[in-house]
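> Next one to model:
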Amino acid sequence: MHQSTYRRSLDLPALCAAERLFIWGFRAKARSGSAVPTAADIQQVYDHFRVGDAVPSLESIIEIFACTAHTAIEVHCPTCPRMSESEHGILHAIAAAQQERIDVAREQFESWLPPVGADWALAPVRGLATIFRMAGLILPDRHVQSFDHDRTMAMKSWLVGSPTLH
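Numbering: from 1, shown residues only. You can find the predicted model right below:
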């Protein structure tokens, strides 16, 4: 039997506005090849919430994943109400960075990135976290149970166009 990767209590509708905004932006940027939302749409929404300056940091984080990840992350479409384990982990890392718990953020990113990639990710992660905090968008530190680390560290292959980002 396949164990579900979703936590119903922490699906998108149950998250606070700051968390939903980050996840929507992350998903939209990660899937930037699709027609909707466009880069201009993402910028407009982030500008509306006074975090438009966070978009380049978001792009950098995604680029670091695309170039250095040793393990795929599962990213849903921007309107999906469910969240993947990967999205929970990324949200946890951003919340930790917002609270200056950089060691926790780095450890979380090492689930998918080599140590050098996790180091590279810290600057844009801290930038994004700071911009959100300065706009009053505080990400709560939700403890997310870790999943099977053997599965996380295993090299995986996936098809282009799959629901993962690499």
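
> From now on I want contacts and neighbour counts done on CA atoms only, so please keep to that.
Will do.

> my guess is His92 meets Ala105, correct?
Yes - the criterion here is Cα atoms under 8 Å, and His92 meets it with Ala105 at 7.4 Å.

> quick one, which of those two is more surrounded?
A direct count of neighbours by other Cα atoms under 10 Å for His92 and Ala105 places Ala105 higher, at 26 against 23.

> Stretch 79-96 - what's its average pLDDT?
Here stretch 79-96 scores 94 as its mean pLDDT.

> buried sites along it?
82-96 (16 or more other Cα atoms under 10 Å).

> Flag the helix or strand of this protein with the lowest per-element mean pLDDT.
Here the helix or strand of the chain ranked lowest by mean pLDDT, DSSP states H and E is helix 149-153, holding a mean of 40.

> Leaving out chain neighbours, which residue sits closest to Leu21?
Tyr46 (7.9 Å; Cα to Cα, 6 or more residues apart in numbering).

> Any stretches of the protein with poor pLDDT?
Where the chain drops to pLDDT under 70, the residues are 1-9, 33-35, 143-166.

> so where do the helices sit in this structure?
For the chain, the helices defined by DSSP state H cover 17-30, 39-48, 55-68, 85-98, 102-109, 115-134, 149-153.

> residues in contact with the residue nearest to the spatial centre of the chain?
Nearest to the geometric centre of the chain sits Ile90, at 3.9 Å (Cα atoms, centre = their mean). Neighbouring residues of Ile90 by Cα atoms under 8 Å, 6 or more residues apart in numbering: Gln108, Phe109.
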